[in-house]
Each structure stands twice: as C-alpha cells, then as structure tokens.
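S.K.: next comes the sequence, and after it the predicted model I'd like to discuss.
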Amino acid sequence: MQERQTKQKATIYDALCSLDHPTATEVYAKLQQTNPTISRATVFRVLSGFASGGKALELRMAGSDVRYDFNTAEHYHVHCKRCGRVADVRMPKAAKMPKVITKEGEGFLVEGYSVEFIGVCPKCQG
C-alpha cells in the first residue's frame, strides 16, 4: 500500500530539507513561522514515518536528540561535542563490512552499521 502524500507531509519535508540535520523540535519551530496550525505531534509522527519509510534518515547520536537527514544516500556524519551541530562527512565508503560477526561462538547477522565522528566544529574552535 502506497503512503498518501498530503500537503502537511510535503510542507514538513520541505522544512526538513531546508534545515541542517534538524531535530523534530527544530522542524516544528520552523513550521510555526508559516504554518501555525500544524501540531507538534504531527511533525514528530511524520518525521518518524519518513525515517521508517526510507524518505529520511533518523540519526541517533550520543548525547543528542534524534536528528533527521533528508539525504538517504550512504554517508557518514560528524557531531560537534560542544554545540551539537551535525554535518555530513564526504569521504570514500569504508572497507566492505562483514555480513556476519562472530565473537566467542555467537554469530550476529549484520544488517547495517553507523559511523559517527565526534569533534569540535569550526565555529566552536574560534
């Protein structure tokens, strides 16, 4: 069954694309400027739906609220430990990851992986 595309979903997606790895709260705040009738619950639900449907990435980084990324191509992220900013890392894909990881006799079937670089952004360095 195909998901229905509504005006609210399109507006939320546009806001997501205009922000840099935002939290749901940041998307909601942006939308309140032009669409004050949209509810916070709708924004959170739609962003979660985008992530589960493959239209956006859900970024769960240590010490940060969940963030969203409209760029669903395989790539990495860097996270500023001072201000929390998240940015894309443009670099070649890491070496081929194993499909099964075995440690002490237990086999894990690998379905995916996430790489998070942590550092200090240029603004916080200055």
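M.R.: The structure has been received and is ready for your questions.

S.K.: show me where this protein has helices.
M.R.: In the chain, the helices defined using DSSP state H lie at 7-18, 24-34, 40-53, 122-125.

S.K.: buried ones in the shortest one?
M.R.: For helix 122-125, a neighbour-count test (16 or more other Cβ atoms under 10 Å) marks nothing as buried. C-beta: built from backbone N, CA, C; applies to glycine.

S.K.: picking that back up, and the helices of the chain: which comes nearest F108?
M.R.: Across the helices of the chain, the minimum distance to F108, taken as Cβ to Cβ, is reached by helix 40-53, at 22.5 Å.

S.K.: returning to that earlier point: make a markdown table from the helices of the chain and add distance to Y76 to it.
M.R.: What follows is those, written out as a markdown table (distance: least, Cβ to Cβ, whole Å):
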| stretch | distance to Y76 |
| --- | --- |
| helix 7-18 | 19 |
| helix 24-34 | 21 |
| helix 40-53 | 18 |
| helix 122-125 | 18 |
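
S.K.: tell me which of the ones you listed sits nearest to Y113.
M.R.: Evaluated over those, closeness to Y113 peaks at helix 40-53, with 16.9 Å, by Cβ to Cβ.

S.K.: quick check, distance from that closest one to the centre of its chain.
M.R.: Remark: helix 40-53 is offset 12 Å from the chain centroid, using Cα atoms, centre = their mean, to the nearest Å.

S.K.: what's in contact with it?
M.R.: 3, 8-9, 12-13, 16, 24-25, 27-28, 31, 56-58, 68 (Cβ atoms under 8 Å, 6 or more residues apart in numbering).

S.K.: list the buried residues of that helix.
M.R.: T42, V43, F44, V46, L47, F50, A51.

S.K.: quick one: contacts for N71?
M.R.: Contacts for N71 (Cβ under 8 Å, 6+ apart) come out as L57, D88.

S.K.: which ones are touching Q8?
M.R.: I38, T42, V46.

S.K.: cutoff 10 Å now
M.R.: The contact partners of Q8, taken as Cβ atoms under 10 Å, 6 or more residues apart in numbering, are L31, N35, T37, I38, S39, T42, V43, V46.

S.K.: same check on G54?
M.R.: G54 neighbours (Cβ under 10 Å, 6+ apart): T72.
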